[in-house]
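Undergrad: Got a sequence here, can you build the structure:
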Amino acid sequence: MSLNLLFILFTLFSSYLPTFVAKPEAAADALLKWKTSLTNQNNPLLSSWSLHPTTNLTHVNRTTSTAPCTWYGVHCNDQGDVVKLNLSTSRLNGTLQHFTFSSFASLTHLDLRLNDVFGSIPVGIRYLS
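TA: The predicted structure follows:
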């Protein structure tokens, strides 16, 4: 009887348990950290990857509240969570060793085709949906 009650209580209150949520600021920081680890971190396609609001004024004002959702190749949901990174044919050169997968709890699509990304796939990829 007590196990049934415990199960019912757990079921009722499990929706109130805190879950891991990556904030947009954490995703922006993670992308900037990864960008600096790339061999060609000055790639013009990634010029929008900046927290400086005057960088690449052809796009929406880049502030910590909109970054990284306005950056090249980054797609977010309505809540501002990064859900897709489409960086195919972006002339990237480097590894995924400094890509912090845990900062992207909502990421469901990662496209790195036709780039020069080499090395092993980090175990942190397990944090993706």
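Undergrad: how about the helices in this structure?
TA: Ranges of helices in the chain, per DSSP state H, are 2-13, 24-37.
Undergrad: Any idea which of those has the lowest pLDDT on average?
TA: Per-segment mean pLDDT for the helices of the chain reaches its minimum on helix 2-13, at a mean of 42.
Undergrad: residues in contact with residue 112?
TA: Counting by Cβ atoms under 8 Å, 6 or more residues apart in numbering, residue 112 makes contact with 85, 87-88, 92. For glycine as for every other residue, the C-beta is placed from the backbone atoms N, C-alpha and C.
Undergrad: again, 10 Å this time
TA: 73, 85-90, 92, 96, 99 (Cβ atoms under 10 Å, 6 or more residues apart in numbering).
Undergrad: Longest strand in the protein, by number of residues?
TA: Counting by DSSP state E, the longest strand found in the chain is strand 82-86.
Undergrad: how much distance is there from that one to the middle of the chain?
TA: Distance of strand 82-86 from its chain centroid, counting by Cα atoms, centre = their mean, to the nearest Å, is 7 Å.
Undergrad: Could you list the buried residues of that strand?
TA: By neighbour count with 16 or more other Cβ atoms under 10 Å, strand 82-86 contains the buried residues 82-83, 85.
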